[in-house]
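A.B. asks: pasting the sequence and the predicted model now:
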Amino acid sequence: METYHYPQFNAVVYAAKFNDVKNAEVLRSRIVRAASLDGAEGESERDAINFAFIEAKLITSSLHLETAVYQALLSKSQGSLRTKTVHSEIIWALNPTNNISEAIKLFGVSSRTADLILVRAASSDTSSVQQKMHNIVEGRLVPMSTIPDSTSWADVRKHYKLNGEVALKEVAGDGNRERAVIDNIVVSTVAMKSVMA
């Protein structure tokens with residue numbers, strides 16, 4: 001798990017990557033169910049799953065993820081969240097369009113999710129975050145540096161509509177350079193999204 005401090009937003013962000021996730025469908029069901037529960041039971045369940053659940057195959061690098069986190073924290077600090085929570089705003093920021101339903105469908109956890117990134121934004125250091133992650137995810141915790149190992153570059157190209165991108169044509173055939181160009185484009189897209197929205 002990695003911890004990022006954003007003193008300008010009075011925020012601490014925790015991010016962890018899990019491979020070989022066995023309970024993706026259960027997680028998705030819990031998220032949907034928590035939204036409709038009332039009272040103490042609802043509060044308890046929402047606290048237990050108070051994370052951004054991100055499909056790792058569409059994340060190209062730590063910078064890609066961190067840029068979305070930064071944009072979400074910035075929106076929250078300016079009182080301009082387009083979604084209900086900072087965690088859903090992170091998922092919205094990752095999506096190249098402004099459609100939140102599409103963002104959750106593409107970048108959120110699904111029944112087919114095998115590799116998952118969890119992000120928790122808090123206002124102070126919380127020692128129990130990693131344990132909370134382990135309590136809900138049945139998977140193997142791996143270093144965040146393994147993000148590119150899970151990336152489906154073809155899916156990233158498809159969802160960011162990069163198949164006709166001139167910069168990629170110039171580096172065609174050189175896999176490392178292609179991935180670097182894709183990463184640069186998607187990071188820039190996420191960074192500019194709040195300006196364009």
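C.D. replies: It's in.
A.B. asks: just the CA trace of the longest helix along the chain, in CSV.
C.D. replies: Counting residues, the longest helix found in the chain (DSSP state H) is helix 175-196. Taking Å, rounded to 0.1, in the frame of the first residue of the first chain, the C-alpha atoms of helix 175-196 are listed here in CSV:
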residue,chain,number,x,y,z
GLY,A,175,6.0,-1.5,-27.6
ASN,A,176,7.8,0.5,-24.8
ARG,A,177,7.6,3.8,-26.7
GLU,A,178,3.9,3.1,-27.6
ARG,A,179,3.1,2.5,-23.9
ALA,A,180,4.9,5.6,-22.9
VAL,A,181,3.0,7.7,-25.4
ILE,A,182,-0.3,6.2,-24.3
ASP,A,183,0.5,6.9,-20.7
ASN,A,184,1.4,10.5,-21.5
ILE,A,185,-1.9,11.0,-23.4
VAL,A,186,-4.2,9.5,-20.8
VAL,A,187,-2.4,11.3,-17.9
SER,A,188,-2.9,14.6,-19.9
THR,A,189,-6.5,13.7,-20.6
VAL,A,190,-7.2,13.2,-16.9
ALA,A,191,-5.3,16.4,-15.9
MET,A,192,-7.3,18.5,-18.4
LYS,A,193,-10.7,17.0,-17.8
SER,A,194,-11.8,19.5,-15.1
VAL,A,195,-10.8,22.3,-17.4
MET,A,196,-12.7,20.8,-20.3
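A.B. asks: please state the offset of it from the chain centre?
C.D. replies: How far helix 175-196 lies from its chain's middle: 15 Å, per C-alpha atoms, centre = their mean, to the nearest Å.
A.B. asks: go on, stretch 37-48?
C.D. replies: Taking the mean of its C-alpha atoms, stretch 37-48 sits 23 Å from the chain's own mean (C-alpha atoms, centre = their mean).
A.B. asks: which residues sit against that stretch?
C.D. replies: Stretch 37-48 is touched from outside by Arg30, Arg33, Ala34, Ala35, Ser36, Lys132, Asn135, Ile136, with contacts defined as C-beta atoms under 8 Å, 6 or more residues apart in numbering. Where you see a C-beta, it was placed from the backbone N, CA and C, and this is true even at glycine.
A.B. asks: other SSEs contacting the longest helix of the chain?
C.D. replies: If contacts are counted by 3 or more C-beta pairs under 8 Å, 6 or more residues apart in numbering; DSSP states H and E, helix 175-196 sits against helix 62-77, helix 86-94, helix 153-159, helix 166-170.
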